[in-house]
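Colleague: how would this look folded up:
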Amino acid sequence: MTLGELYNHPLPGTDAGTCYLCGRETAQGWAGPPSDAFTAWSSCGAGAVHCEFCRPLLKTNTFRFYSWLVLPGEQHLANAEGRGLLWRTLLNPPEGPWALYQTNAGQKQGWLGLAQAVNESRTTYRIAVDWLDSPIMMQAAYVAANAPVIDALRGAEVTKDSLKSGQWSMRDYQRAAGADLHGAYAQAYTQAGNPQWEVLVNAHYRTA
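Modeller: As a prediction, the model looks like this:
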């Protein structure tokens, strides 16, 4: 199943061909680029059209501007009203087909790496991001082992910058030490630079 088929809000065109985003053959595609400003050709494949299922993904700004979860027929945004969406999804992925995108800047079309196929598993799955050229393969076992570490360190007010970079400020180290989180600090230090770790740190959200 493609991402467009999962979202399932097709906008039929009149041009036949292969979709350069998802690879589908279609008789109802759209020839040419989706807009004059489209620059993400390096993420596209062979083809002369984008299909009726990919069209709404390209024409709906929320797919580029926000992090999101797509379930059959639905897009859920990680916006001001959806804080914690990514964290909850990573800790408890949905059943059935689904797709997750994480953006830091809201400028690139980083979700294109998911255009051809979506997740069917809760144990091994791909997350598209806008700071790498391809999706990140996530393991549920990795999330289970590392999410509590991130939660504890963030609870001690250790910054996400220290967690992601591995270059801890003295203040953050003192916060971890003051909370008796020496083991958590050691684990976090070894994971810095791991794309799975960065996804988790970016997504972390505390409700209390």
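Colleague: in which helix or strand does the residue nearest the centre of the chain reside?
Modeller: Centroid-nearest residue in the chain: residue 101, 2.3 Å away (criterion: Cα atoms, centre = their mean). Taking DSSP states H and E as the definition, residue 101 sits inside strand 99-102.
Colleague: helices or strands up against that strand?
Modeller: Packing partners of strand 99-102 (3 or more Cβ pairs under 8 Å, 6 or more residues apart in numbering; DSSP states H and E): strand 68-71, helix 85-91, strand 124-129, helix 195-203. Every residue, glycine included, has its C-beta placed from N, CA and C.
Colleague: how does it look with 10 Å?
Modeller: Counting contacts by 3 or more Cβ pairs under 10 Å, 6 or more residues apart in numbering; DSSP states H and E, strand 99-102 is packed against helix 3-7, strand 68-71, strand 74-77, helix 85-91, strand 124-129, helix 195-203.
Colleague: give me the neighbour count for residue 105.
Modeller: For residue 105, the neighbour count with other Cβ atoms under 10 Å is 10.
Colleague: is it true that it touches residue 130?
Modeller: Yes: when contacts are counted by Cβ atoms under 10 Å, residue 105 is listed as touching residue 130 (6.1 Å).
Colleague: if I look at the most far-flung residue of the chain relative to its centre, how far off is residue 171?
Modeller: Distance from the C-alpha centroid of the chain, by Cα atoms, centre = their mean, peaks at residue 178 (33.3 Å). Residue 178 is 10 Å from residue 171, where distance means Cβ to Cβ, to the nearest Å.
Colleague: do the same with residue 120
Modeller: Between residue 120 and residue 171 the distance is 43 Å, computed by Cβ to Cβ.
Colleague: residue 128: what's it in contact with?
Modeller: Applying Cβ atoms under 10 Å, 6 or more residues apart in numbering to residue 128 gives the contacts 3, 67-68, 99-103, 109-115, 134-136.
Colleague: can you give me the buried ones in the biggest helix by length in the chain?
Modeller: Longest helix in the chain, counting residues (DSSP state H): helix 140-155. Neighbour-count burial for helix 140-155 flags 140, 142, 143, 146, 147, 149, 150, 151, 152, 153, 154 (criterion: 16 or more other Cβ atoms under 10 Å).
Colleague: now swap in stretch 168-186 and tell me
Modeller: 168, 172, 175, 176, 179, 181, 184, 185.
Colleague: and what of stretch 42-54?
Modeller: 43, 44, 47, 49, 50, 51, 52, 53, 54.
Colleague: now do stretch 182-202: distance from first to last residue.
Modeller: Its first and final residues considered, stretch 182-202 spans 22 Å by Cα to Cα, to the nearest Å.
Colleague: mind listing what's buried in it?
Modeller: By 16+ other Cβ under 10 Å, the buried positions in stretch 182-202 come out as 184-185, 187-188, 191-192, 194-202.
Colleague: mean confidence score for it?
Modeller: For stretch 182-202, the mean pLDDT works out to 97.
Colleague: follow-up on the earlier one: can you pull the pLDDT of the residue farthest from the centre of the chain?
Modeller: Note for residue 178: predicted pLDDT of 97.
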